[in-house]
Each structure stands twice: as structure tokens, then as C-alpha cells.
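S.K.: Predicted model and sequence below, questions to follow.
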Amino acid sequence: MGGEVALKDCAGSSNMRGDIPLETKPMDHLKHLVCLAATVPLGVVLAMAGAAGSSAWSGMSAERMLETIKVLSSDEYEGRAPASKGEELATRFIATQFKELGLKPGNPDGTYFQNVPMVGITADPSAVLVLRGPDGKQTGLKFADDFVAFTKHQEPTVSIDADMVFVGYGVVAPEYKWDDFKGVDVKGKVIVVLINDPPVPDPHDPSKLDEKTFKGKAMTYYGRWTYKFEMAAEKGAAGCLIVHQTGPAGYPWGVVKTSNTGEQFDLETPDKGMSRSTIEGWITHERAKELFAMAGKDFDALEKTAVRRDFHPVDLGVKASLTLKNAVRTIESKNVVAKLEGSDPKLRDEYVIYTAHWDHLGIGPEVNGDKIYHGAVDNASGVAGLLEVARAYTKVQPPPRRSILFLSVTGEEKGLLGSQYYAQHPLYPNVKTLADINMDGTNVLGRTKDIEIIGLGQSTLDDIVKAVAAEQGRVVRPDSEPEKGFYYRSDHFCFAKEGVPALDPDSGIDYVGKPAGWGMEMRNKFTEEDYHKPSDQVKPYWDLSGAVEDLQLFAEVGYRVANAKTYPTWKAGSEFKARREEALKHAAGK
């Protein structure tokens, strides 16, 4: 349908080969872009893009990156939690670096900061989740060990005492003819849901997943915990408890525990969070099995029924009671943003954005004698990469025709809050933003023969990556762990939801000089031992030569986009394509 609209709008055009007349007015320019979304071959797009050449980015420094990571992940920065001493130090450090590089303040108000209004809510960890079975027997679950719960309601005390209903994966997906609620009214109840998508078997080969239903092995947004809570609110549920399982979730219970205890943040909303369910949270797999047994149900058997379209919600006959006493405060956190103004007066009000979140988890539960969650890889390394790319752009010749924004956002670890705020309150119009290139962690283990793209196939940005990678003698591969839903777990996703083509590159796994499988072994080791733990610190074996090579690729990709005569586009089948085409068409019609 989008292609038909574009072709109709192009009727009578005398310029169908893709060149955008640079003397046209901005709205004429946008009208032309709508046409190009359907008519320009990718090869033409790439041919129009300027290339800086590999030598243009040779000034990037692994040593400088390492020093930046050491600063940001030091004890002094206290894990860089929003609204903490760590935020003050980190945001000041990044802004100072931007200024010293000669970059202009990114906010039109003349500063390097975009204020992000947030609410911080800290629940009393002494809370106990009481479950009462149909026979009157009850059991109490311990906060953090057995469950975690929080609220978005800005109230000092919230309580639930409600019936529990198992709703399978909690998915309503008309395009797959899937509805886990089947018209059952769960208003005022506590729903229990499974994490990830329903793993529907391939009807032709039951050993595999059906690629035509929830994209097979690859997680869709329906599988994300954020979707489960959003659906609970939409259905009017009093509470939502997600059953944690390490495989489907993509991380162990320890990550759920550290990420969801202590102060929780959300963007400030006019309704004070009251449109959300009263309680949101997680329950361990073991306690979920006990809950179902209390209801006289077999968890494993019901889990199997939940992978079928004919699944119906199951009333567990168990009541859940929980009171959370909360400390509530409003704060202003900060995104840090700098701008390199484009060299072309007719194109400089169009933008390519590079993002990397500066925040981590701050000070939390002690692990092996350390309470500071340093976040060296996640994401001091991404910020260090952002600064290297920014430095390189100040020296590249010729300078990019469009403007480049360097955006270090807050609150990624709290639910992508800083990027969500920017995408919904952009300093420069999303419709004139060609792409977001995100850096959430960089390669600290050495050079690779490959590079991964999370969500490969979403947009034409992937084709530019392939072209640049080939020039480096490298190959592009899809996400090695598509079942973990990484495309929906970092800051680029907030731009994608607003229609902006968004690129989420990841480290390769085929390391130069290392045996096959070593890359995945090290990735799994990080997930198990360091991810969201105090031990995410600089290691003596780090080798940032691979990070530099990746950053050179990211810089070149953005440079080509900034100089091209066409906008990148979402590919057919992308869930973000319609939003982008609608936005471009609306802007062109003004």
C-alpha cells in the first residue's frame, strides 16, 4: 500500500531517477522522498552517497577510548545512575568533551543538554507477596528472591488483593490471528504471563519454529516484557506478573533482580502513571510452578497449551495480595547532545543521529564485596565510541552535507527513557532525521572478520553497512541470538517506533586469530558473569582494535547517509515502514 501511495504522488514527475534537486523547497523535498521510497533502486541510492574513504577515520584511538571507559566506569562515577552524583559527573564529562572538540551545543536553546523529566519510585523491599489458594492455605513470597514488583503510580502506598488469571503469553496479534485473552475480562485481576513469543512449531518440521508466526526463532515486540505490561494496562488488569525463565528471557534472574529493585524511573506523565496497572513485576520460574500447583494446575502442561491459537485464559483460583510502600520523587535527568552543522545550506536542517546511553545501574546489592555497578562495557564503551566518532567527524574532509547529532541519553537501563523522551520530543524533526546509529556496548575483544546487525533486513541502512564492511574485508551477519529480542532492547528502538530508520550494530563473533566458537563463548561468559553486575569493569585482556574498526564502519555509514541524495527507507515487511511513509506524506502535504 505504501508503494502505491508513493507512485500515485509521483505521477507526472519529470525526475524519476532519484536525484533530489537541491534548490527545491523543503516541502517539495519531502514530497520527492515519498516517491523515492517506492521508486529508487538501492544501487542508485548507494551510488549517490558520498564516501570519505577508509583513511578518513584513521585518527580514532583505542588508547583514548580505554581512558574514557576507565573514567566513566570508575568508583568516583558510582555506576552513573540517573539523578545521582554519577549523572552529574558523567553528563558534565561528556558535554565538556563535546565542547573541547568544537562541536556546537545540540539543543537549540544554546546548551548541550536536553532535560528529561522523570519520576523515581522506590518500593520498600520488605514487601511480601501473599498467595492464597482455593483451599484457604497461603504462602508468602520474598521480595527480590522470589519476586520483584514495582508501580508506576505516583502514590506513597499501592495495594492489590485480586484473583489471578493465567493468560499464556499475553499476546494480541491480529496479523497472526492470535488472541491470548479470547474476550475474557481481566479488569481488576492479576494476570500471569510467560516471557517471549509463543514458540509455535513449524507444521512441516516440529523440530523448528514456524517462521510465519512471530518470526520463528527471532523475538518480536510481542515477546518483550514492556509489551506484557502495556497489554496489562490496556486490559485494565490490577497487576501483571511475568514468569521468568532464563532461556526465553535471555538473561538470568539476577539481571531481573538488580534491574528491578531499588529506585525505578519512568517519564513524568500528566496522569501520574495511573493508566498503568497498579502492580508490575516478575516471579521466578520455581515460585510460578508452586503457584500453579497451589491452584491444582500443572505449569508445564499449561505452558504447552499456550503455544496454540486455541489457548484460553485459565482462572487459577488463587488470590494475590501485595502492598508496596513507596518513596516518590520527581527529577530532571539529562540527555547530552552536540551538533556538527552540515556544510550544505540546503541540507543542514536534516540530520543523522548517533546514540549511546551514558547511564548504568548505580549503586546496588553487593556482589563479591562491590556495590558499584560500573557498566564498563554497558555502556561506558558505547559513550567512548560516540566521542571517537564525534572527534573523527570534526576532522573529516569534505565535511558532511547534512548535520550530525551526537546524543548520549539517560535512562536506557530504566526502560529506554532518555531516547523515548527525545524521540517523542525531538529537538529537530523526526521527519527530517534520516537515521539513528546506536552504540550499546562496543567490541573489547579484538578484531573480527564479521560484524552483526541486530534486526538485519529492516532497512536500507543494512545495505550501506554491507558495502562498507566489504571495503574493510569483512562480512555482515544477522543477530546470533535473535530469540533474545535485542532490537527492542536499546535506544534505537525508540527512533524506529517513530518511523526513523534505526541501525543497531553488534560485535562480530568470528575473531581474528581465535578458534571457531570463541566469540560466542566470550559473549555468553559476559552475559553470565558480568552483565548488569558490579564486575562489568575494564579487564586486563581487553583489545579495543576491533572497536576502532567497528567505529570506522559506523562513521562511514553515517557519512554516506549524510551525503546521499535520498533518505534511507524501511524495507517491505518492516513493522516501522508504514509509520515512516505516513510521516513523510503528512509533512509533504503541509
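M.R.: Looks like it came in fine.
S.K.: how close does the residue nearest to residue 315 when sequence neighbours are not counted get to residue 242?
M.R.: Distances taken as Cβ to Cβ, 6 or more residues apart in numbering place residue 165 nearest to residue 315, at 5.5 Å, with adjacent residues excluded. Bear in mind the C-beta positions are built from the backbone N, C-alpha and C, glycine included. Using Cβ to Cβ, to the nearest Å, residue 165 is found at 14 Å from residue 242.
S.K.: Secondary structure element for residue 233, which one?
M.R.: helix 225-234 (DSSP states H and E).
S.K.: what do you get for residue 388?
M.R.: Judged by DSSP H and E, residue 388 forms part of helix 382-393.
S.K.: what's the next secondary structure element after that helix?
M.R.: strand 403-409.
S.K.: Just want the angle from the following helix or strand past that following strand to strand 403-409.
M.R.: Beyond strand 403-409 in the direction of the C-terminus, DSSP H and E gives the next helix or strand as helix 417-424. If you take axes from the mean of the first three to the mean of the last three Cα atoms, to 10 degrees, helix 417-424 sits at 140 degrees to strand 403-409.
S.K.: buried residues in helix 417-424?
M.R.: 417, 418, 419, 420, 421, 422, 423 (16 or more other Cβ atoms under 10 Å).
S.K.: Do you know the pLDDT at the residue found closest to the third one once you drop the neighbours it is linked to in the chain?
M.R.: In space, residue 419 comes closest to residue 491 once its chain neighbours are excluded; the distance is 3.6 Å by Cβ to Cβ, 6+ apart. Residue-level confidence at residue 491 comes out at 97, pLDDT.
S.K.: who touches residue 491 in this structure?
M.R.: Applying Cβ atoms under 8 Å, 6 or more residues apart in numbering, we find residue 491 in contact with 355, 356, 357, 409, 412, 416, 418, 419, 436, 438, 440.
S.K.: repeat for residue 423
M.R.: 430, 494, 495, 497, 498, 500.
S.K.: Just name the closest of those to residue 78, please.
M.R.: residue 494 (25.9 Å; Cβ to Cβ).
S.K.: Checking that closest one next. Helix, strand or coil?
M.R.: At residue 494 the chain is in helix, as set by DSSP: H, G, I helix; E, B strand; the rest coil.
S.K.: measure the residue nearest the centre of the chain to residue 244 for me?
M.R.: Nearest to the mean C-alpha position of the chain, counting by Cα atoms, centre = their mean, stands residue 490 at 1.8 Å. Distance of residue 490 to residue 244, given as Cβ to Cβ: 20 Å.
S.K.: bridging residues for the closest residue to residue 138 other than its chain neighbours?
M.R.: Spatial nearest neighbour of residue 138, excluding adjacent residues (Cβ to Cβ, 6+ apart): residue 132 at 4.4 Å. Assessed by DSSP bridges, residue 132 has beta-bridge partners residue 138, residue 319.
S.K.: ok, now residue 475?
M.R.: Under the criterion used (DSSP bridges), residue 475 bridges to residue 450.
S.K.: begin at 110 from here
M.R.: With 110 as the first residue, the last one maps to residue 584.
S.K.: Could you report the neighbour count for it?
M.R.: Neighbour count of residue 584, defined by other Cβ atoms under 10 Å: 14.
S.K.: That one and residue 662, how far apart?
M.R.: 12 Å.
S.K.: Pull up the overlap in contacts between those two.
M.R.: 560, 578.
S.K.: wait, doesn't residue 597 sit right on residue 331?
M.R.: No. Using Cβ atoms under 8 Å, residue 597 is not in contact with residue 331, being 9.7 Å away.
S.K.: where does the residue nearest to residue 247 land on pLDDT?
M.R.: Residue 241 is given a pLDDT of 97.
S.K.: List the contacts of the nearest residue in space to residue 329 that is not next to it in sequence.
M.R.: Sequence neighbours aside, residue 323 is the residue nearest to residue 329 in space, at 5.2 Å (criterion: Cβ to Cβ, 6+ apart). Counting by Cβ under 8 Å, 6+ apart, residue 323 makes contact with 282, 285, 306, 307, 309, 329, 331, 332.
S.K.: Cool, thanks, talk later.
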